[in-house]
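Chemist: Next come a sequence and a model predicted from it.
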Amino acid sequence: MTRFPIIIGVLLCVALVLGLPRWSAAFKMVHDVSDPHEGPRLLVVPFGFKTEASGSGVGVGATYSGWPQEQAIIGGAAWKTFDRTDAIYLNLTDFQLPFAKRLFLMVHGFDSSYGNMVSYASGGGAADNNSGKHDLYKGHGWDQWLEGELTYVMPWGPFGDELIHTYTTDKGILTKGSLYAGEFDPSVSGRSYFKIKPYYRHRWYRDSVSPNTDIETGGFRFTFEYDNSDFTYDPSEGSTTMLRLYQGIDAGKSDSWTGVELDFSSYWNLGASSWFAKQVVALNFWTVDTPSWNTHADGTVTGNSPYFMGAALGGYTHQRGYPFYRFHDKAAINYAVEYRVMPKWNPLGTFTWFKWWEVVPFAEVGRVAPYWNPRILHQDMKFSAGVGLRAMILNSVLRLDVAGSAEGANVWAMLNQSF
């Protein structure tokens, strides 16, 4: 959870090197005719920050794009605070396997130690929909994870033979290369992908008082994604659909579990106006169920997902007005709406690396529940609302969202649109 930023620009720099994308940008490239730079590009960003959880700190991040392949990116960051928090993050994205041209690889890992790490899973029901904001455990903790993702580009549709799709833009505005052909039909519009993501994660505390605060888990995520939007990085029309199956493996400190997720987004272009170059209404529907989850007569639970996976609300993706993993249960649902407006006035228009900026009011409503039932999931729902700033710098969209809820406010710095 990040609060009270020192400088918005600093958070945007942090987002550029630390932000984890909502979806991988693999097998896509952006060529901007207004940017004369060609070839690999190195960006190194020292930064300072202040958060409620970690205190004040300093760090450095770097990305090297265009190597070892033109669409590939290597990046990483390391930072340290004066409140006993240290972290390092490394990643490789968009690497096309030379022996299987339809397969793209992403690998990233994170190792951190926090002076005050928060968990809302310190006891039975501590993170359910009726829990209070003080139902938590806080202490000196560690968070480690390693993920890989292998993406297969499906051979069907109008772009099935184009393994690396190129968008052509002018100052960040799409001029050529739209994937959207006006229909919701993978055979005539958009591109489809199948992804396998193995993962490992371990979160634990030095002085844990509950087994729920020492979680070690691993498993696989199997995803089918249909990108039927015009421009993945800043959609104006069309939709995206994602179906995902989680299969967690018993790693000794967590149960094996199975989860099912649906994520659907739709984009509606409202056109330009005298003030705005573009206006878009973006809608998102997200839901998760955990079929393996069983609550027994004695109150014990088996087959449940870790509190930081599955049906969890809170953080920079769903219910941004709440901290990470604030709510967690067997099932969850969330609706979000954003009004994305791009001013014609560009305060940094003289710099070729700054393409555009957007102001984005947004609102969300959702909840978690002990079982997936439409009637229960639409009662006593949680609400978040706020405003965001989005900017395309080089060929990346940076996001800064300020969101409030009944339990306070949060500031999130991240890479890519929220959906």
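Modeler: In hand now; what should we look at?

Chemist: Contacts for stretch 365-381, please.
Modeler: 127-130, 286-287, 289, 295, 311-313, 318-319, 327-335, 382-384 (Cβ atoms under 8 Å, 6 or more residues apart in numbering). In short, each C-beta sits where N, CA and C put it, glycine included.

Chemist: same thing but 6 Å
Modeler: When contacts are defined by Cβ atoms under 6 Å, 6 or more residues apart in numbering, stretch 365-381 is touched by residues 129, 289, 311, 313, 319, 327, 329-335, 382-383.

Chemist: next one: stretch 85-93
Modeler: Stretch 85-93 is contacted by residues 54, 73-80, 106-115 when judged by Cβ under 6 Å, 6+ apart.

Chemist: Give me the buried entries from these.
Modeler: Among the contacts of stretch 85-93, those classed as buried by 16 or more other Cβ atoms under 10 Å are 54, 73-77, 79, 106, 108-115.

Chemist: after the worst-scoring helix or strand of the chain on mean pLDDT, next one along is what?
Modeler: None of the helices or strands of the chain scores lower by mean pLDDT, DSSP states H and E than helix 8-18, at a mean of 44. Sequence-wise, the next helix or strand downstream of helix 8-18 (DSSP states H and E) is strand 28-32.

Chemist: With just CA atoms, put the next helix or strand after that following strand into PDB.
Modeler: Per DSSP H and E, the first helix or strand lying C-terminal to strand 28-32 is strand 41-51. What follows is strand 41-51, C-alpha atoms only, in PDB (Å, rounded to 0.1, in the frame of the first residue of the first chain):
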ATOM      1  CA  ARG A  41      17.400   2.000 -25.600                       C
ATOM      2  CA  LEU A  42      18.800   2.000 -22.000                       C
ATOM      3  CA  LEU A  43      16.900   3.900 -19.300                       C
ATOM      4  CA  VAL A  44      18.400   4.200 -15.800                       C
ATOM      5  CA  VAL A  45      16.300   6.000 -13.100                       C
ATOM      6  CA  PRO A  46      17.500   6.700  -9.600                       C
ATOM      7  CA  PHE A  47      14.500   7.500  -7.300                       C
ATOM      8  CA  GLY A  48      13.400   8.400  -3.800                       C
ATOM      9  CA  PHE A  49      10.000   7.700  -2.300                       C
ATOM     10  CA  LYS A  50       8.000   7.600   0.900                       C
ATOM     11  CA  THR A  51       5.200   5.100   1.800                       C
END
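
Chemist: coming back round to it: out of the contacts of stretch 365-381, which are inside strands?
Modeler: 289, 313, 327, 331-335, 382-383 (DSSP state E).

Chemist: and those residues as a markdown table, adding neighbour count?
Modeler: A markdown table is the format used below for these (neighbours: other Cβ atoms under 10 Å):
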| residue | neighbour count |
| --- | --- |
| Asp289 | 20 |
| Leu313 | 28 |
| Phe327 | 24 |
| Ala331 | 23 |
| Ala332 | 26 |
| Ile333 | 24 |
| Asn334 | 24 |
| Tyr335 | 16 |
| Lys382 | 22 |
| Phe383 | 14 |
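
Chemist: Please tabulate these in a markdown table and include pLDDT and distance to Ala181 as additional columns.
Modeler: Below are the ones in strands among the contacts of stretch 365-381 laid out as a markdown table (pLDDT from 0 to 100; distance: Cβ to Cβ, whole Å):
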| residue | pLDDT | distance to Ala181 |
| --- | --- | --- |
| Asp289 | 97 | 32 |
| Leu313 | 96 | 35 |
| Phe327 | 95 | 39 |
| Ala331 | 96 | 35 |
| Ala332 | 97 | 33 |
| Ile333 | 98 | 31 |
| Asn334 | 98 | 29 |
| Tyr335 | 98 | 27 |
| Lys382 | 97 | 37 |
| Phe383 | 97 | 36 |
